[in-house]
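*Asks:* Here is my input; please provide its structure:
(2 chains)
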Amino acid sequence: MKVVVSFFAFFLLFGLSSCIEIIDDLSFNEDGSGTFKYNINLSSSKVKINSILALDSLDGKKIPSIEEISNKIEQVVESFKTKQGISNASIESNFNDFIFKIQCDFTSLEDLQNAIRSIVREESENRFIPELEHNWLSYSELKFVRSVPIITTKKLSEIKSEDRELLKQGTYTSITRFFAPIDTFSNSNGNLSKSLKAIMIRSDLHALIQDPNLLDNSINLVNSN
Amino acid sequence: MKFSIFAISVFTTFFALSQKSENLIPRAATSVFSINNVSLLQKISLDDLVQYEFMEEVQAELFDGSTTGKTLKDSGIDFNQKLNVFYGITENYEVAGLTFGVVNKDNLFDVFDDFSSAYSDYDNVEFYESYFSRIAIEENSGVLFRVTPNNSAVDQITDSIWYARGNDYPWYIETYEEVYEIKDPDLIEEGVEEIEFFDEMETIENTSTPSETEILPVAEEDLNVKTYYELRDSVETALSVQYLSMVCDEIFIDGYNLVNSSPEFAEQLTHTSEGTFFMDNSKGLKNNRDFTFLQTIYPTLYTNIEKLYTGNVLLGDLVINDNSVEMQLNAKYGEELGSIYEKLGDAKFDKNVLKYIHKDNSAYFTYRVNLREAYEQAYDVIVPLLSEEENPGISAQLLFIELMDEFVNKDAVFDTYKGSMFGTFNGIQKVKTKKIIYDYDEETFEYIELEEESEEDMPIFTVGFSTDRSDIPNRILQRVSRLTEECHNDGDYWVIDRGVLNSAPLYILMKNDLFILTNDENLVKNHAEGYGTNALAKKDAKAAKKSGIIYGYADLGLAIESLPRELFSDSENEMIDVVRGKSGKVALTSTNTSDSSTSFNLTYDFDAQGDSDKYILDLINSMYVISK
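*Replies:* Numbering: from 1, shown residues only, chains lettered A, B, ... in the order given. Modelled structure (predicted):
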């Protein structure tokens, strides 16, 4: 049966377009704590993903089973829960539509960034990754600065050139929510919510590879005191 | 085996029929490719040949980098003799190699420059050896071969000696305990450097360049005492020498070889096609280690199965024309097995399948068998074999088989699934799927998930089975539809919503005594009775009807064009690109199955303007890359 499925899956790979949607959603409280959500939506590529999962290997690399992927995700979340300043870490995995939602609360931006760094290092067998030294979130005196982590854009840029065209259909959405209204922001592509307390920037993944600073934003909050 | 196939395919265009290189093929050989005409490869320089990925392996195996500026013509090989690549397996050893004619020994050993002259026990036979292989030359023919003892035999003898010497269990791994101890947190605190377990594993990195922390096997303190691995090496070497002598004695003293021990092979050698192929399945079965188990536990059954497979031989011819390559295969079998195959092939062609094959399908097949007749015959042949075995386990299984035969409604089973079927590839089409999108609240940018219709490209397949009882699958589907909403009846056909890889609908159509599974919405909605005038052309339909149990057709040009690039590495894609854009059609036909043989014919017609010889090599290379 596996052979039949693999045979079918082999042909299913024909000219299939790849599409991924990432939502990077950060809610920031006055005391520096907050909630971080990271959603990966592959539902518009599920034919391709299902066909790949039905194969034993692709491009010489072993394809993990859904169970193996699920176990790995659980392992990472369990590790995430143990990081300093991180609480309520959870993941919702939907293997029917291939949507994965990671969420956690953090006590400070520093703790959140350290936890992410620590997880990436663990998964990279403690190899030194210079991109991780970079701070992609900071807050001081009502000024919030955020960018896309360099490690993300670096990984995206490693995608083969022929596949990068397909990334034009993929989107990266960065949402930041605040405890106070937003006064000014630097990124001209930013959209302010009607409540004035949230800002959203969207880009296609291909453009993001071309310009990793596309989603950078310096946001000044209204001083309510 | 793959190496052998491609070595042959490459050399196929080289050698002309001649004398006696085949007389050096050991009688233990179970498969042989013989090449009669190697003219094509003579024209191409070895430097160019080794550019092919498949040839790199041949190059490493045979020529070892000593080919600069040479062609095979310069290799000292006699092109008037056949080139035979062989492989064989016995209960004790495997033997593999090739035989060839020798016209100039000096040139030959310029190419095989790793070989040096060795002592010979045999009159008029010269021996040369390298680290892995040997070459024996008798008169104007040579054999390059390697004899390898079976690992299980080597392990068994080594263990025996090891324990007899009073040693403990040999699979003790010193490094494992070290790793285990070092993982102890107390030791880590004392500053002992942690050793990653991965360092002990064989990886590309640490195999070629051992890491500093990698712990290599240590020799015994007393150099006169062998470690387990040293002992195993010694046993393997001793057995190799013993089996090598056996093989050589048979050929050079007793005069036994495959030609004089297999009439089928001898007859095959008389063919004048560019290449011939011989595979003795009965010998392969007998020496298969899984059957050694059967021999020990169920000796009577083993003997009976051995008899059943006697005479099971696959013979083939490869014919190369200007713009086509033809593979003619003849499967021969013994009387009892043949009686089952004959009944299997005794089926009427179901003309209804032709209605559902579109004239523009780039690939399709039809398959006609009579499962009911084959079952009855197999029952009559196999049950007596099982009855003779006294083992209680076999008796219990036999009882189960006999009761099933009595109690099960065989008419219903075989009228539902008669055995005949067809399949088509209908190209790439858009199919409906569903995706999740996000709807944002403009006030807060909070978002909710919404399901939306989507379309994705998908290859369209249809598979259909002949049936006289479509009421049975219909009844099953009616019950399943009560269990899940994913399965529902849409009038003339059934739909399983996410039946294709959990993403797209699978349609089930029961019309014209066919049970059809497809993801082709157009077929079930608009052509439920068949494609009518757009069905397969009369000429093609006639070819399918005329063929035996199987008929297949594929437009290889289209198929290769459609191969997903993602499945291959960059270098592999470069190789496949060579044949992309060229057109070629493959047709597979078979003759009627008799009680002694079935013949198959695979023809590849291609349109290679210009250098067709090179195109054949390109094609072989592509097949190799794809099959890797």
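*Asks:* C-alpha from now on. contacts and neighbour counts both.
*Replies:* OK.
*Asks:* how near is residue A:101 to residue B:384?
*Replies:* Residue A:101 is 61 Å from residue B:384, where distance means CA to CA, to the nearest Å.
*Asks:* Looking at the two, which is more packed in?
*Replies:* Higher neighbour count among residue A:101 and residue B:384: residue A:101, with 16 against 12, using other CA atoms under 10 Å in any protein chain shown.
*Asks:* How confident was the prediction at the more buried one?
*Replies:* pLDDT for residue A:101: 91.
*Asks:* Check residue A:124 too.
*Replies:* pLDDT, read off for residue A:124, is 74.
*Asks:* how many other residues sit next to it?
*Replies:* Residues within reach of residue A:124, counting by other CA under 10 Å, total 11.
*Asks:* can you check residue B:466 too?
*Replies:* Look at residue B:466: counted by other CA under 10 Å, it has 26 neighbours.
*Asks:* In chain A, what residue comes closest to chain B?
*Replies:* Residue of chain A nearest chain B, by CA to the nearest CA: residue A:194 (4.4 Å).
*Asks:* Do I have it right that that residue meets residue B:442?
*Replies:* Yes: taking CA atoms under 8 Å as the definition, residue A:194 is a contact partner of residue B:442 at 6.0 Å.
*Asks:* circling back: which residues sit in contact with the residue of chain A closest to chain B?
*Replies:* Counting by CA atoms under 8 Å, 6 or more residues apart in numbering or on different chains, residue A:194 makes contact with B:442, B:443, B:444.
*Asks:* Please report phi then psi for the residue lying closest to the last one once chain neighbours are set aside.
*Replies:* Pointing back at residue B:444 there. In space, and not counting its chain neighbours, residue B:444 is closest to residue A:193: 5.7 Å by CA to CA, 6 or more residues apart in numbering or on different chains. Residue A:193 has phi and psi values of phi -70, psi 160 when expressed as degrees, to the nearest 10.
*Asks:* before we move on, what about residue B:165?
*Replies:* Per-residue torsions, residue B:165: phi -90, psi 0 (degrees, to the nearest 10).
*Asks:* can you check residue A:179 too?
*Replies:* Backbone torsions for residue A:179, taken as degrees, to the nearest 10, come to phi -80, psi -10.
*Asks:* Pick out the residue of chain B closest to chain A.
*Replies:* Closest point on chain B to chain A, by CA to the nearest CA, is residue B:443, at 4.4 Å.
*Asks:* what's that residue in contact with, if anything?
*Replies:* Counted by CA under 8 Å, 6+ apart, residue B:443 has contacts A:193, A:194, A:195.
*Asks:* ok, now residue A:62?
*Replies:* Residues counted as contacts of residue A:62 (CA under 8 Å, 6+ apart) are residue A:56.
*Asks:* Give me the pLDDT for it.
*Replies:* Residue A:62 is assigned 77 on the pLDDT scale.
*Asks:* Across the sheet, point out what pairs with it.
*Replies:* Here residue A:62 sits in beta bridges with residue A:57, going by DSSP bridges.
*Asks:* Would you mind confirming that residue B:273 is in contact with residue B:316?
*Replies:* No: counting by CA under 8 Å, residue B:316 is not a contact partner of residue B:273; they are 9.8 Å apart.
*Asks:* one step back: now the contacts of residue A:194 in CSV, with secondary structure and pLDDT?
*Replies:* Converted to CSV, the contacts of residue A:194 look like this (DSSP: H, G, I helix; E, B strand; the rest coil; pLDDT from 0 to 100):
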residue, secondary structure, pLDDT
B:442, coil, 88
B:443, coil, 88
B:444, coil, 90
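*Asks:* and stretch B:239-249, which residues are buried?
*Replies:* Across stretch B:239-249, burial judged by 16 or more other CA atoms under 10 Å in any protein chain shown covers B:239, B:240, B:243, B:244, B:247, B:248.
*Asks:* Then stretch B:598-608?
*Replies:* Buried residues in stretch B:598-608, counted by 16+ other CA under 10 Å: B:598, B:599, B:600, B:601, B:602, B:603, B:604, B:605, B:606, B:608.
*Asks:* and if you look at stretch B:444-455?
*Replies:* Buried, per 16+ other CA under 10 Å, within stretch B:444-455: B:444, B:445.
*Asks:* what's in contact with it?
*Replies:* Contacts to stretch B:444-455, defined as CA under 8 Å, 6+ apart, come from residues A:44, A:175, A:193-195, A:197-200, B:430-441.
*Asks:* The same query, at a cut-off of 6 Å, please.
*Replies:* Defining contact as CA atoms under 6 Å, 6 or more residues apart in numbering or on different chains, one finds that stretch B:444-455 is touched by A:193, B:430, B:431, B:432, B:433, B:434, B:435, B:436, B:437, B:438, B:439, B:440.
*Asks:* Helix or strand for the fifth one, just tell me which one.
*Replies:* What that stands for is residue B:433. Assigned by DSSP states H and E, residue B:433 belongs to strand B:421-440.
*Asks:* Helices of the stretch 301-450 of chain B, start to end?
*Replies:* Secondary structure of the stretch 301-450 of chain B (DSSP state H, counting those that start in this stretch): helices located at B:335-344, B:352-355, B:371-388, B:392-407, B:410-416.
*Asks:* Who are the packing partners of the third one?
*Replies:* This points to helix B:371-388. Helix B:371-388 sits against helix B:335-344, with contacts defined as 3 or more CA pairs under 6 Å, 6 or more residues apart in numbering or on different chains; DSSP states H and E.
*Asks:* One more pass at 7 Å, please.
*Replies:* Secondary-structure packing of helix B:371-388 (3 or more CA pairs under 7 Å, 6 or more residues apart in numbering or on different chains; DSSP states H and E): helix B:299-309, helix B:335-344.
*Asks:* List the buried residues in the shortest one.
*Replies:* Along helix B:335-344, these residues count as buried under the neighbour rule (16+ other CA under 10 Å): B:335, B:336, B:337, B:338, B:339, B:340, B:341, B:342, B:343, B:344.
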